[in-house]
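Student: sequence and predicted model, in that order:
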Amino acid sequence: MSQPVEPRAGRDFLWGTATAAYQIEGAYNEDGKGPSIWDTYAHTPGKIERGETGDVACDHYHRWADDVELMAQLGLRAYRFSLAWARILPDGRGAVNAAGLAFYDRLVDGLLARGITPFITLYHWDLPQALQERGGWVNRDTAASMCDYADVVTRRLGDRVKHWITLNEPHISSHHGYVTGEHAPGLHAFPLYYPTTHHLLLGHGLALQPIRENVPDAKVGVAFSLSEMQPATDRNEDFDAMSLGDDFHNGAYLDAVLRGRYPDSIATAMPEDVIQGNDMAVISGKTDMIGINYYMRLLVRAHKDAPGFEITPWQPGPRTEMGWEQYPQGLSYWVRRIANDFPDHDIYITENGAAFPDVVDDAGRVDDQQRIAFLRDHTRAALETMAATQARLKGYFVWSLLDNFEWAYGTRPRFGLIHTNFKTQERIIKESGHWYRRLIEAGSPDDAG
Ligand code: IFM
């Protein structure tokens, strides 16, 4: 009988938190920044709950030094953040905005001074509006612009930043941005899934070259949104639907980047002229790490319309405020699957976390026991699977450092370890933040109190 394994991380395990530029920075039109698709989308009436925007968000652009101080108080070893492409290249390509680059320069130095390893995401959904006006990710040229952008930022920051994530959740960029329209740029056309998916991945592949040239010791990868798929019933057609769902949500991205091909169901539906020349070789250029963004599993059943499946509602069970099922076994599933399929890559859980309706009590505390339980269950699942499978799991990033602008939901869902008062910008470390600090010190969720 196999022995139970202890969920413990070593001293070099990178415990961190993650954020994204549009969700925290604010300063949407300051110091030469150009507009992004999220500025445009959020300013369009009816798109965001209560008409909110990310114009100010957490005002991190001005408060970054205090926020780094809070990270140090949490004992973070790593911090994953994204660059606002339009802050650096206001037109998406061409002229560089020195003030924008200087902001990230200061932030990187501030992190390093506190012993916090920076992980930079190049693209976390906020495409410069100027590129959208030329078609956004439907236009193949956007991938070439991403390559130029990667060159500019790695030249400037690559002497100090060694961990580079090209894309955050390319599936969500394509699907929510171009198919369901619930994210910027808000288009609603199923066929656009295919070219936008391919061009995002091509942007990743083209960006590898300048990253390698400018940062020879870089560790590079993609943060994939990965959901375990399960059939909603035991009917054969629902098992087939599960496989299609896995291709559409997960496999299209994993296989292209790590195997240089699309799953058959994606390849056959891809319009003929989209994949050109040696695209697949470019997309599957050498990477070093795989980012798992994990939130939930999905239950799938057959559907008559393309792509041949639909997601069904979850069974009753514990949910987060987003309505997402709490299912830590799905994180074990992904650590195991990635370790098994791609054993030569380092693995990072680049996002995991939960929104709950937090309250500040009379004593000024946020006693978010539900989030602590969620994080305890998920970190335990990840570390147990690491030990059981010898997975090269090197780090874990809570989504998120602080309550922020949660896209179409505005500031209502609170994911942070730190509470943000969006009127005053006061921050309060939640009990989950204190718990996370103890976890980092102890190395095990079972010893974090
Ligand atoms: O807030 C998002 C983040 O931008 C990408 N991953 C999921 C998070 C929670 O919805």
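Tutor: On my side now, so go ahead. Quantities reported herein were computed from a predicted structural model and do not represent experimental measurements. Numbering: from 1, shown residues only.
Student: drop to CA atoms for contacts and neighbour counts, all remaining ones
Tutor: Will do.
Student: tally of neighbours for Trp423?
Tutor: One correction, residue 423 is Lys, not Trp. 7 (other CA atoms under 10 Å).
Student: which SSE is it in?
Tutor: Using DSSP states H and E, Lys423 sits in no helix or strand.
Student: residues touching the most centrally placed residue in the chain, list them.
Tutor: By CA atoms, centre = their mean, the chain has its centre lying nearest to Asn168, at 4.3 Å. Contacts for Asn168 (CA atoms under 8 Å, 6 or more residues apart in numbering) come out as 121, 123-125, 222-225.
Student: do the same with Phe224
Tutor: Phe224 touches 167-171, 250, 253-254, 290-293, counting by CA under 8 Å, 6+ apart.
Student: before we move on, what about Glu182?
Tutor: 47, 176, 408.
Student: please redo it, this time with the cut-off set to 10 Å
Tutor: Residues in contact with Glu182 (CA atoms under 10 Å, 6 or more residues apart in numbering) are 41, 47-48, 175-176, 188, 407-408.
Student: same question for His199.
Tutor: His199 touches 136-144, 170, 174, 205, 274-275, 279, 283, counting by CA under 10 Å, 6+ apart.
Student: specify the local secondary structure of Arg380.
Tutor: helix (DSSP: H, G, I helix; E, B strand; the rest coil).
Student: could you measure from it over to Glu431?
Tutor: Distance of Arg380 to Glu431, computed by CA to CA, to the nearest Å: 18 Å.
Student: A helix includes Leu131, no?
Tutor: Yes: per three-state DSSP, Leu131 lies within a helix segment.
Student: what sits closest to it if chain neighbours are left out?
Tutor: Excluding the flanking residues, the one nearest Leu131 by CA to CA, 6 or more residues apart in numbering is Gly92, at 5.9 Å.
Student: what is Lys219 paired to in the beta sheet?
Tutor: Beta-bridge pairing of Lys219 under DSSP bridges involves His163.
Student: do I have it right that it meets Trp164?
Tutor: Yes: counting by CA atoms under 10 Å, Lys219 sits close enough to Trp164 to count as a contact (6.2 Å).
Student: what residues do these two have in common as contacts?
Tutor: By CA under 10 Å, 6+ apart, the residues touching both Lys219 and Trp164 are 119, 211, 288-289.
Student: which of the residues you listed fall within strands?
Tutor: 119, 289 (DSSP state E).
Student: the residue lying closest to Ser173 once chain neighbours are set aside: how many residues sit nearby?
Tutor: Among residues not flanking Ser173 along the chain, Trp125 sits closest, at 6.1 Å (CA to CA, 6+ apart). A count of nearby residues for Trp125, using other CA under 10 Å, gives 26.
Student: again, but for Asp12
Tutor: Around Asp12 there are 10 residues (other CA under 10 Å).
Student: test my guess that Ile48 contacts Thr40.
Tutor: No: the pair Ile48 / Thr40 is not scored as a contact, 11.4 Å apart, by CA under 10 Å.
Student: look at those two and report which has more neighbours.
Tutor: Ranked by neighbour count (other CA under 10 Å), Ile48 and Thr40 place Ile48 first, with 21 against 14.
Student: can you pull the contacts of that one?
Tutor: 41-42, 54, 182-183, 406-411 are the contacts of Ile48 under CA under 10 Å, 6+ apart.
Student: low-confidence ranges, this protein, go.
Tutor: 1-4 (pLDDT under 70).
Student: now with 80, please.
Tutor: Along the chain, segments meeting pLDDT under 80 span 1-5, 315-316.
Student: let me see the ranges of the strands in it.
Tutor: Using DSSP E, strands in the chain cover 14-18, 78-82, 117-123, 163-168, 219-225, 228-231, 289-293, 297-302, 309-312, 346-352, 393-399, 418-420, 427-429.
Student: redo those strands as a markdown table? Include distance to Glu384.
Tutor: Shown next, in a markdown table, are the strands of the chain (distance: least, CA to CA, whole Å):
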| stretch | distance to Glu384 |
| --- | --- |
| strand 14-18 | 16 |
| strand 78-82 | 21 |
| strand 117-123 | 24 |
| strand 163-168 | 25 |
| strand 219-225 | 21 |
| strand 228-231 | 18 |
| strand 289-293 | 16 |
| strand 297-302 | 19 |
| strand 309-312 | 29 |
| strand 346-352 | 14 |
| strand 393-399 | 11 |
| strand 418-420 | 27 |
| strand 427-429 | 28 |
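Student: so which of those strands gets nearest Thr268?
Tutor: Using CA to CA as the measure, strand 309-312 is the one of the strands of the chain that comes nearest Thr268, at 16.2 Å.
Student: adjacent strands (with direction) for that closest one?
Tutor: strand 297-302 (antiparallel).
Student: chain neighbours aside, what residue packs nearest to Ala391?
Tutor: Per CA to CA, 6+ apart, closest to Ala391 is Ala339, 5.1 Å.
Student: residue contacts, that neighbour?
Tutor: 290, 333, 345-347, 385-386, 389-393.
Student: please apply the same query to Ile429.
Tutor: 70-71, 73-74, 364-367, 401-402, 416-420.
Student: just the buried ones from the residues you listed?
Tutor: 70-71, 74, 366-367, 401-402, 416-420 (16 or more other CA atoms under 10 Å).
Student: so which of these would you say is closest to Gly115?
Tutor: Closest to Gly115, out of all of the buried ones among the contacts of Ile429 and judged by CA to CA, is Met71, at 10.3 Å.
Student: filter the contacts of Ala339 to the buried ones?
Tutor: Judged by 16+ other CA under 10 Å, buried ones among those: 290, 333, 345-347, 385-386, 391-393.
Student: can you map out the helices along the stretch 51-200 of the chain?
Tutor: For the stretch 51-200 of the chain, applying DSSP state H, counting those that start in this stretch gives helices covering 60-74, 85-88, 98-113, 129-132, 141-157, 170-174, 193-214.
Student: tell me the angle the last one makes with helix 141-157.
Tutor: Using axes from the mean of the first three to the mean of the last three CA atoms, to 10 degrees, the interaxial angle of helix 193-214 with respect to helix 141-157 works out to 30 degrees.
Student: and helix 193-214, what's buried?
Tutor: Buried residues in helix 193-214 (16+ other CA under 10 Å): 193-212, 214.
Student: quick one: which of the strands of the chain is nearest Ala150?
Tutor: Among the strands of the chain, strand 117-123 sits nearest to Ala150 (CA to CA), with 7.2 Å.
Student: wait, doesn't Arg160 sit right on Gly110?
Tutor: No: using CA under 10 Å as the test, Arg160 is too far from Gly110 to be in contact (11.4 Å).
Student: what sits in contact with each of those two?
Tutor: By CA under 10 Å, 6+ apart, the residues touching both Arg160 and Gly110 are Pro118.
Student: before we move on, back to that, let's have the contacts of Glu182 in TSV, adding distance to Ala241.
Tutor: Formatted as TSV, the contacts of Glu182 follow (distance: CA to CA, whole Å):
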residue	distance to Ala241
Tyr41	33
Lys47	31
Ile48	32
His175	18
His176	20
His188	23
Trp407	29
Ala408	28
